[in-house]
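Undergrad: Could you work out the structure for the sequence below:
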Amino acid sequence: MDVIRRPCSPSNRVRRSAAAVGAGLLVVVLGGCSGLGRTSVGIVAYDTEKKKHVLVNSPPVKGCHGIGGAGAVALTNDTLVDLIAYPTADCSGKDSIYVATMTSDVVAPGAGVWKSYSFVH
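TA: Model prediction:
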């Protein structure tokens with residue numbers, strides 16, 4: 001049985017070219033989106049000494065996040081990323097605490113409050 005090969009018709013060449021260009025554009029667009037800031041996906045909740053309950057929805061993974069006011073005495077990490085809570089406003093200090101994803105913590109009696117947090121990435 002002989003196979004008959006036909007040259008590509010102009011419409012097939014156009015379709016192939018369009019598919020190649022479309023695939024190239026898709027790669028460029030998706031590559032450009034990867035530079036956008038990732039979020040922690042979920043909620044960071046904390047309570048202040050004055051009994052105020054604060055919810056932060058999907059904060060960015062990068063950077064230091066300040067806890068306003070007098071600081072937090074209890075913190076819940078209901079995000080998909082672990083975090084570290086700090087006693088200072090600039091995410092520094094030796095008395096930090098590691099709060100894994102989907103867990104919470106409270107300050108020890110007599111200890112200071114948390115004033116910032118950052119994500120482990």
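
Undergrad: Give me the residues contacting stretch 54-70.
TA: For stretch 54-70, the surrounding residues in contact (CB atoms under 8 Å, 6 or more residues apart in numbering) are 37-50, 52, 72, 79, 81, 89-91, 113-119, 121. Where C-beta positions appear, they are placed from N, C-alpha and C, glycine not excepted.

Undergrad: quick check, distance from it to the centre of its chain.
TA: Centroid displacement of stretch 54-70 relative to its chain, using CA atoms, centre = their mean, to the nearest Å, is 12 Å.

Undergrad: got the end-to-end distance for that stretch?
TA: 12 Å (CA to CA, to the nearest Å).

Undergrad: ok, how many other residues are close to residue 106?
TA: The number of residues packed near residue 106 is 14, by other CB atoms under 10 Å.

Undergrad: should've said residue 72
TA: Per other CB under 10 Å, the neighbour tally for residue 72 reads 26.

Undergrad: which residues touch it?
TA: Residue 72 is in contact with 46, 47, 48, 54, 85, 107, 113, 114, 115, counting by CB under 8 Å, 6+ apart.

Undergrad: do you know how far the residue minimising distance to the centre of the chain is from residue 99?
TA: Compute the mean C-alpha point of the chain, and by CA atoms, centre = their mean the closest residue is residue 39, 2.3 Å away. For residue 39, the distance to residue 99 (CB to CB, to the nearest Å) stands at 17 Å.

Undergrad: just residue 50 next, same as before
TA: Using CB to CB, residue 50 is found at 21 Å from residue 99.

Undergrad: again, but for residue 112
TA: According to CB to CB, residue 112 and residue 99 sit 16 Å apart.
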